[in-house]
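Visitor: here is the input, now give the coordinates:
(one chain, ligands or ions: 1)
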Amino acid sequence: MATRTSPAKKGTQQSRGKNSGSASRSTAGRGAAKTKALNVQPEDHLPLPLRMIRGAWMGTAHIVAAGIRKLGPDVHPDKDLRRDGTGFFMLLLAVVIAAVEWWALTGGFADVVHAVVGGTFGWMALLLPVFLLIFTVRLMRSPEDARGNNRIAIGLTLMTLSGTALAHVIGGEPGLADGLDALWAAGGMVGFLISSPLATINMWLAVAVYSLLAFVSLLIVTATPFRHIPARLRALYEGLMGQDLNEVAANGHDQSYLYESDRSEPKAKKPRKRRFGRDKHAPEDEEQDEGYYGDEAFETPVIEDEDAPRVAAPGPAAPKVPPGVRRPTQSELAAEKLKRDQGLMPEGATEALPVVPPASTGSVAAVPANPVQPQPPATPIPQRTEQLQLSGDVAYTLPPSDYLPAGPPSKERSEANDSVVAALTQTLDQFKVEARVTGFSRGPTVTRYEIALSPGTKVERVTALSKNISYAVASSDVRILSPIPGKSAIGIEIPNTDRETVSLGDVLRSNNARKTDHPMVMGVGKDVEGGYVVANLAKMPHLLVAGATGAGKSAFVNSMVTSILMRSTPDEVRMVMVDPKRVELTAYEGVPHLITPIITNPKKAAEALQWVVREMDTRYDDLANFGYKHIDDFNKAVRNGKVIPPEGSKRIVKPYPYLLVIVDELADLMMVAPRDVEDSIVRITQLARAAGIHLVLATQRPSVDVVTGLIKANVPSRMAFATSSVTDSRVVLDQPGAEKLIGQGDALFLPMGANKPMRVQGAWVSETEIHKVVEHVKGQLQAVYREDVAVEAPKKQIDDDIGDDLEVLLQATELVVTTQFGSTSMLQRKLRVGFAKAGRLMDLLESRGVVGPSEGSKARDVLVKPDDLAVTLAAIRGDDVPAAAAPGADPMTDALADNANANHNFDQDGPEDLVQADLDARPQATEYYDDDDDQGSEDAWSLTGR
Ligand SMILES: Nc1ncnc2c1ncn2[C@@H]1O[C@H](COP(=O)(O)OP(=O)(O)OP(=O)(O)O)[C@@H](O)[C@H]1O
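Guide: Numbering: from 1, shown residues only. Presented below is the predicted three-dimensional model:
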């Protein structure tokens, strides 16, 4: 505490004069800085000696500031924005005050300083050098952050004032009558003036109010909102206990008041500790957490690393600018415009921001790239030991993460980016648009260039240039975002001529993926800012994947399945795969996560969907019986032994795995049985979320007859790869955009709840990697298939005996298929047959899958397209048809064929025979869930991995 009490009154006077002198000088300095920003050189008007003094002052200030900028992480603020002169002045002030107040220097000048500072602030004079030093460091390191600097200045001032007020009360509330010495030994003149009104009412009230004010000022300085106080305290504690500072930063400790500009530097982070409500499927949480999981507020499938430096993260309206670059203020832009109008500045030249000169093809180093996320650490994905004991005491190891090697390191900028910046700048100049490229963020496939407009410039002036921009950058796939979501800037996405592959291994090793061990999490890819995109399929809860051929759908489905195999056991996730193309998913044949062999026959697939509906109903029955709303709650209760089967039941209750149903070509299914497939899909998508059943529907024909309105309405998440037309894009995303994608994994991802799709480059997993993972998984456990999946519900018996009517049946088929009109009266008229015969022919056509079931007086659906007429006629005739084209060509079907022949006396082996045979051969699915039935209960729970 300051105990020195030998001030002189005249000292106060002198010092006041001096002080005001410095104040005016500093104001002049600020004025000078401002004028400099407008490119008027004030030193030109000064006499030579003053110019020399100024030069010496600024020279020393720059040297000192350079040293301070080297402390901690090196920073390089823009030269035009530096405030080194002011900072240096404050540093000197801090040193002088410290010399006088801390080390009790005496003598003429020291006495004056003490009289002024001690007399004004009392005890707080001791803290002033610290405050000045903090502000100096801040000003020299982050001069561009005017808002942050103002905040800190206000906070420190408030702290000083509340400190003097407190010092005044604690110092015994001296009054003017006690003399100035007494005031200086307490809170000084300032303390007296602030504190005495309140302290005279009640001393404790004054202490409480000023303590609160001091606390608030601390929050202002550290930019700490009230709700973050506990996290900051914890981080501070961890920091003091020797924890890695990076980790402290990751936990929310804001050192912004010292190193604001370092925020943009990506920091390596360790996985965060779990918080309540997150990571809800981890068994240890389940053990401890007695609450229900259910749904969460603002659920989204996308798992984000909130702490990662993401430019697009919604936040304050002020857009984030790349390091070292300051967004021009409105007044600067207006001043520039004025100068340009007055001819003081050449067209296109800018000075508030360093930007490429017009027509420059040289260095564009002034336009910085946004930081990309660092390559994820090559450390393996942590193994989840707690999950590895499957039911039936089977030990299970997840595939090691080195099966998915790291991809090539991502580039932050390349020559291609620089030349695009030059081309964009040139185009804007040529068309005299008052706008400039302020930065760019490079993703693996495209780079997004940010364009800031001058005040008074219409957004449309840039968007109208889209064709000229395409021409300038020689790319037809330019996409303009106006604005970039969460930013006051226009984004221009231009494909990179040097694309990068995103390895699935990197995505699964990213922080986003490490944050959760939910078994349904998949690696999606990388976004335009280079951030890894990871999504939870359970929260989607159903996904439509569409895109033209070769656009990357199958690669995406491979990434999805591989992610699941890498992260989850068959006890946690089971899959039904439908692959009518027969080649896309065959690599996964035999993995224990499958509950049925991969289904390649569209007809069987339609039946499998009906099985999924039954499975869903069964799960719902269980949820209702045991009083749970969500399968996660039910599973948790089962694991905790809280689900007890009814008295007398021999059923062993086990947790339900998630069920992921993947259809690799929806169009093929919709061709065979549009109504049945649509009904099943709609029923599943409407209800299955709580039952843990999730659908992924992929199609290369996103037309309205495949992705019907009903299906679309119930599949909320969409992944659109490049589509061939804007109409297709509208079908998938309800908006254009996908037609501009450049294929090969370039996609727009619209997760449930989002209104703007995010552009991602899908993750890539090679055949070799898939093979390794599959071999590992198959080596752990044999697939145990359920046999009831492809059993169809009983159908109307139709007279299949064609007998002598083959010819007329063939004619009827031709007629119905070519006209695409399934009307009995048309058959009567065209074939000149009676009503009874026409009706019989129609029934035969239904049994052959040519038309759908009767719908009263309406014409029936025609299920065969004219292109497939020849194959259908051949099948009716009983001719040999190519395996791939034949209806019913499927290994599973073949396996059942013997059975079918044994039960039927007709020889055409069309699909109906087999289905009927299957039906006869197997028990009804509903029987499987009878609690009192031994066999049934076993089978009902056979999904659990045995
Ligand atoms: N994420 C990706 N990264 C890199 N290349 C990719 C990616 N996705 C797809 N490709 C490239 O595009 C080619 C076609 O991809 P894919 O087979 O997934 O397309 P598709 O949409 O499934 O086509 P189709 O519907 O004809 O099967 C791949 O062989 C690969 O070369």
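Visitor: for the stretch 651-800 of the chain, which residue gets nearest to the ligand?
Guide: Closest contact between the stretch 651-800 of the chain and the ligand, by CB to the nearest ligand atom, is at Gly745 (2.5 Å). All C-beta atoms are positioned from the backbone trio N, CA, C, and that covers glycine.
Visitor: burial count for that residue?
Guide: Residues near Gly745, counting by other CB atoms under 10 Å, number 27.
Visitor: any stretches of the stretch 351-500 of the chain with poor pLDDT?
Guide: Applying pLDDT under 70 to the stretch 351-500 of the chain picks out residues 351-394.
Visitor: how about the strands of it, start to end?
Guide: All strands of the stretch 351-500 of the chain, identified by DSSP state E, counting those that start in this stretch, fall at 389-390, 394-395, 435-442, 446-453, 479-481, 490-495.
Visitor: does anything pack onto the third one? Which helices or strands?
Guide: Strand 435-442 sits against helix 415-430, strand 446-453, with contacts defined as 3 or more CB pairs under 8 Å, 6 or more residues apart in numbering; DSSP states H and E.
Visitor: most neighbours per residue, which of these?
Guide: Most buried of those, by mean neighbour count (mean count of other CB atoms under 10 Å): strand 446-453, with a mean of 24.
Visitor: partners of it, with directions?
Guide: strand 435-442 (antiparallel), strand 490-495 (antiparallel) (DSSP bridges).
Visitor: nearest to the ligand, of these?
Guide: Closest to the ligand of the strands paired with strand 446-453 is strand 490-495 (CB to the nearest ligand atom; 13.4 Å).
Visitor: what angle do the closest one and helix 415-430 make?
Guide: 140 degrees (axes from the mean of the first three to the mean of the last three CA atoms, to 10 degrees).
Visitor: next SSE after strand 490-495?
Guide: Sequence order places helix 504-509 as the next helix or strand after strand 490-495, per DSSP states H and E.
Visitor: do that next one and the ligand meet at all?
Guide: No. Helix 504-509 lies out of reach of the ligand by CB under 6 Å from any ligand atom, never closer than 8.9 Å.
Visitor: show me the contact partners of the strand or helix carrying Asp679.
Guide: For Asp679, the element it lies in under DSSP H and E is helix 674-687. Identification of contacts with helix 674-687 by CB atoms under 8 Å, 6 or more residues apart in numbering yields 542, 605-606, 609-610, 612-613, 616, 620, 661, 666, 669-670, 693, 695, 697, 705, 708, 710-711, 714-715, 852, 861, 863.
Visitor: in that helix, what's buried?
Guide: The neighbour-count check on helix 674-687 (16 or more other CB atoms under 10 Å) flags 674, 676-685, 687 as buried.
Visitor: please apply the same query to stretch 201-215.
Guide: 206-207, 209-210, 213-214.
Visitor: over to stretch 764-782?
Guide: Across stretch 764-782, burial judged by 16+ other CB under 10 Å covers 764-765, 769-770, 772-774, 776-778, 780-781.
Visitor: these in helices, which ones?
Guide: Judged by DSSP state H, the subset of the buried residues of stretch 764-782 located in helices is 769-770, 772-774, 776-778, 780.
Visitor: save these as a markdown table, and put in distance to the ligand too.
Guide: Shown next, in a markdown table, are those (distance: CB to the nearest ligand atom, whole Å):
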| residue | distance to the ligand |
| --- | --- |
| Glu769 | 13 |
| Ile770 | 13 |
| Lys772 | 18 |
| Val773 | 17 |
| Val774 | 18 |
| His776 | 23 |
| Val777 | 22 |
| Lys778 | 23 |
| Gln780 | 27 |
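Visitor: could you identify the most distant pair in the residues you listed?
Guide: Greatest spatial distance in these: Glu769 and Gln780, 17.2 Å, computed using CB to CB.
Visitor: which residues sit against stretch 858-871?
Guide: Contacts for stretch 858-871 (CB under 8 Å, 6+ apart): 671-675, 813-814, 816-818, 820-823, 842, 846, 849-855, 872, 881-882, 885-887.
Visitor: hmm, back to that, JSON lines for the buried residues of stretch 764-782, including pLDDT and distance to Asp868?
Guide: Shown next, in JSON lines, are the buried residues of stretch 764-782 (pLDDT from 0 to 100; distance: CB to CB, whole Å):
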{"residue": "Trp764", "pLDDT": "92", "distance to Asp868": "34"}
{"residue": "Val765", "pLDDT": "92", "distance to Asp868": "34"}
{"residue": "Glu769", "pLDDT": "92", "distance to Asp868": "37"}
{"residue": "Ile770", "pLDDT": "93", "distance to Asp868": "32"}
{"residue": "Lys772", "pLDDT": "92", "distance to Asp868": "39"}
{"residue": "Val773", "pLDDT": "93", "distance to Asp868": "37"}
{"residue": "Val774", "pLDDT": "93", "distance to Asp868": "33"}
{"residue": "His776", "pLDDT": "92", "distance to Asp868": "41"}
{"residue": "Val777", "pLDDT": "91", "distance to Asp868": "37"}
{"residue": "Lys778", "pLDDT": "90", "distance to Asp868": "36"}
{"residue": "Gln780", "pLDDT": "85", "distance to Asp868": "42"}
{"residue": "Leu781", "pLDDT": "84", "distance to Asp868": "40"}
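Visitor: just the CA atoms of stretch 573-584, as CSV, please.
Guide: The C-alpha trace of stretch 573-584 is given here as CSV (Å, rounded to 0.1, in the frame of the first residue of the first chain):
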residue,chain,number,x,y,z
VAL,A,573,-26.0,-51.5,-35.1
ARG,A,574,-27.6,-53.9,-37.5
MET,A,575,-28.0,-53.3,-41.2
VAL,A,576,-30.3,-54.3,-44.1
MET,A,577,-28.6,-53.6,-47.4
VAL,A,578,-30.5,-53.4,-50.7
ASP,A,579,-28.3,-53.2,-53.7
PRO,A,580,-30.3,-53.7,-56.9
LYS,A,581,-27.2,-52.8,-58.9
ARG,A,582,-25.5,-55.9,-57.5
VAL,A,583,-22.0,-54.5,-57.4
GLU,A,584,-21.9,-51.6,-55.1
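Visitor: which stretches of the stretch 751-900 of the chain have low pLDDT?
Guide: Residue ranges of the stretch 751-900 of the chain with pLDDT under 70: 788-801, 878-900.
Visitor: quick revisit: closest one to Met90 among the helices and strands packed on strand 435-442?
Guide: That would be strand 446-453 among these, by CB to CB, at 32.2 Å.
Visitor: quick check, the closest one touching the ligand?
Guide: No. Applying CB under 6 Å from any ligand atom, one finds strand 446-453 out of contact with the ligand, separated by at least 13.3 Å.
Visitor: same check, this time on stretch 728-736
Guide: No. Judged by CB under 6 Å from any ligand atom, stretch 728-736 stays clear of the ligand, getting no closer than 12.7 Å.
Visitor: quick one: buried residues of that stretch?
Guide: Of all the residues in stretch 728-736, those buried under the rule 16+ other CB under 10 Å are 728-733.
Visitor: fine by me, we can end here.
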